[in-house]
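Student: Sharing a model that was predicted from the sequence below.
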Amino acid sequence: MVFRQLFDSSSSTYTYLLGDRHSGDAVLIDPVFEQVRRDAALVHELRLRLLWTLDTHVHADHVTGAWLLKQRAGSAIALSAASGASGADRLLEHGDRISFGKRYIEARATPGHTSGCLTYVLDDESMAFTGDCLLIRGSGRTDFQQGNPAAMYRSVHERIFTLPTTCLLYPAHDYHGLTVTSVDEERSYNPRLGGDISVEDFTGYMNNLGLPHPKKLDVAVPANLKCGQPDVGQATAGDPQWARLTFTFGGIWELQPQALEEAGERVQIIDVRQPDEFSGALGHIRGAKLIPLDQLHRRVEEIDRTRPVVTVCRSGARSAQAVVMLQKDGFQDLANLAGGMLRWRAEGCSVEGGAA
């Protein structure tokens with residue numbers, strides 16, 4: 001099975017990608033709106049097909065990426081029937097299953113943080129995704145959105161702690177750099193819910209936390225009740241339109257040789273190799289301007305800021321770094337030539353100079 005744990009630093013949210021390696025089918029748990037490009041790039045680079053996005057609950061600290069991923073990847077949306085959300089393709093009840101290839105995830109109702117919280121359990125019970133119900137050595141709050149400490153206590157003890165002791169638990173958030181725990185660890189060491197702590201102990205603890213409300217509460221909850229769909233007329237960040245670009249998991253926009261040929265004189269090409277490479281065996285692209293990478297920062301004013309920039313090197317590695325450097329210098333319409341001059345020549349694109 002393919003498994004990746006992703007992180008959004010602004011909301012301290014974990015997103016989880018699970019894929020069946022044989023079929024290529026995949027699901028994504030708790031996607032974040034601002035990270036949709038990253039997540040879609042990873043799915044593409046791992047050669048997976050995103051079937052479902054699953055939210056553990058209606059989040060109050062970020063907007064889900066479910067709707068946007070449906071537009072981009074054709075994935076269906078699922079979350080709890082008790083969430084009160086509209087726009088989902090499937091509303092899940094306790095015990096329902098979501099299949100991806102030969103694998104599946106079972107939804108367990110674990111209310112308490114909200115009335116519509118679900119924990120997703122992998123078919124072999126080796127992993128479970130607990131949302132905001134159970135955190136690592138902690139728990140989600142219970143003071144808004146139909147929160148209920150007694151309900152959370154029962155959810156954890158009856159539907160999470162009853163999993164095998166070795167089952168790994170993955171929360172929706174962590175604020176201390178922790179990534180994973182287990183049923184055995186939390187039953188033994190969770191200071192709110194573990195050991196001999198009673199429901200009365202837990203209720204008293206949770207009712208006296210005195211936490212401020214999440215900063216994005218007034219924006220996130222209404223948006224997530226529509227599965228992340230923006231309001232009519234609300235602007236969303238679109239992809240660049242000046243060429244056919246691909247966003248990589250590494251955070252760089254790339255374009256393929258054919259797309260660069262199609263862009264023509266609309267773009268300026270900056271070759272960041274050394275002079276002997278520029279005039280060497282691989283040749284160079286017609287109209288390219290040579291600015292070696294080690295000179296790029298001090299010669300940045302030679303580049304037209306009003307036209308898109310495509311950076312080029314031998315393999316695409318140095319030119320990817322050139323994109324990062326130009327971003328720091330304030331350039332916005334930037335892309336790296338995928339595969340560099342090696343791919344450019346391999347695909348039969350025209351060059352000036354170089355070996356036959």
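Tutor: Yes, it's here.
Student: what about this protein, any weak spots by pLDDT?
Tutor: By pLDDT under 70, the low-scoring segments of the chain are 232-237.
Student: how close does the residue most central in space within it get to residue 224?
Tutor: Centroid check for the chain by CA atoms, centre = their mean gives residue 39 as the closest residue, at 3.8 Å. With the distance defined as CB to CB, to the nearest Å, residue 39 ends up 17 Å from residue 224. From N, CA and C alone the C-beta is placed, and that goes for glycine too.
Student: What values do phi and psi take at the residue nearest to the centre of the chain?
Tutor: Torsion angles at residue 39 (phi, psi; degrees, to the nearest 10) stand at phi -70, psi -40.
Student: For it, which non-adjacent residue is closest in space?
Tutor: Distances taken as CB to CB, 6 or more residues apart in numbering put residue 31 closest to residue 39, at 5.7 Å, once the chain neighbours are dropped.
Student: which stretch of helix or strand covers residue 306?
Tutor: Using DSSP states H and E, residue 306 sits in no helix or strand.
Student: tally of neighbours for it?
Tutor: Around residue 306 there are 6 other residues, counting by other CB atoms under 10 Å.
Student: what's near enough to touch the closest residue to residue 341 other than its chain neighbours?
Tutor: Closest residue in space to residue 341, ignoring its immediate chain neighbours: residue 282 at 4.3 Å, by CB to CB, 6+ apart. Residue 282 sits next to 314, 341, 342, 345, 351, 354, 355 when contact means CB atoms under 8 Å, 6 or more residues apart in numbering.
Student: Could I get the contacting residues of the first one?
Tutor: Counting by CB under 8 Å, 6+ apart, residue 314 touches 273, 277, 282, 340, 341, 342.
Student: Which of these has the largest number of neighbours?
Tutor: residue 341 (29 neighbours).
Student: these two touch, right, that one and residue 284?
Tutor: Yes - Residue 341 is in contact with residue 284 according to CB atoms under 8 Å; the separation is 7.4 Å.
Student: Overlap of the contact sets of these two?
Tutor: Residues touching both residue 341 and residue 284 (CB under 8 Å, 6+ apart): 312, 351.
Student: about what we covered before: closest to residue 2 out of the contacts of residue 282?
Tutor: In terms of CB to CB, no member of the contacts of residue 282 lies closer to residue 2 than residue 342, at 28.6 Å.
Student: host element of that closest one?
Tutor: helix 340-346.
Student: What residues are bridge-paired with the residue nearest to residue 92 when sequence neighbours are not counted?
Tutor: Excluding the flanking residues, the one nearest residue 92 by CB to CB, 6+ apart is residue 107, at 4.4 Å. Residue 107 has these beta-bridge partners by DSSP bridges: residue 120.
Student: Pull the number of nearby residues for residue 107.
Tutor: A count of neighbours around residue 107, defined by other CB under 10 Å, yields 23.
Student: Equivalent analysis for residue 244, please.
Tutor: Other residues lying near residue 244 total 15 when counted by other CB under 10 Å.
Student: any idea how far residue 261 is from it?
Tutor: According to CB to CB, residue 244 stands 11 Å off from residue 261.
Student: Now for residue 309: which residues touch it?
Tutor: Contacts of residue 309 were listed using CB under 8 Å, 6+ apart, and they are 267, 268, 270, 303, 326, 331, 333, 334, 335.
Student: What about it? Give its phi and psi, please.
Tutor: Main-chain torsions, residue 309, degrees, to the nearest 10: phi -120, psi 130.
Student: Now do the biggest helix by length in the chain: which elements does it pack against?
Tutor: In the chain, assigned by DSSP state H, the helix with the most residues is helix 317-328. If you count contacts as 3 or more CB pairs under 8 Å, 6 or more residues apart in numbering; DSSP states H and E, helix 317-328 packs onto strand 309-312, strand 334-337.
Student: For the last one, buried residues please.
Tutor: It refers to strand 334-337. 334, 335, 336, 337 (16 or more other CB atoms under 10 Å).
Student: Return the distance of that strand from the chain's centre.
Tutor: 22 Å (CA atoms, centre = their mean, to the nearest Å).
Student: do stretch 319-338 as well
Tutor: On CA atoms, centre = their mean, the centre of stretch 319-338 falls 22 Å from that of its chain.
Student: Just the residues contacting that stretch, thanks.
Tutor: Contacts of stretch 319-338 (CB under 8 Å, 6+ apart): 240, 242-243, 245-246, 250, 252-257, 260, 269-270, 272, 293, 296-297, 300, 303, 305, 307-313, 316, 340, 343-344.
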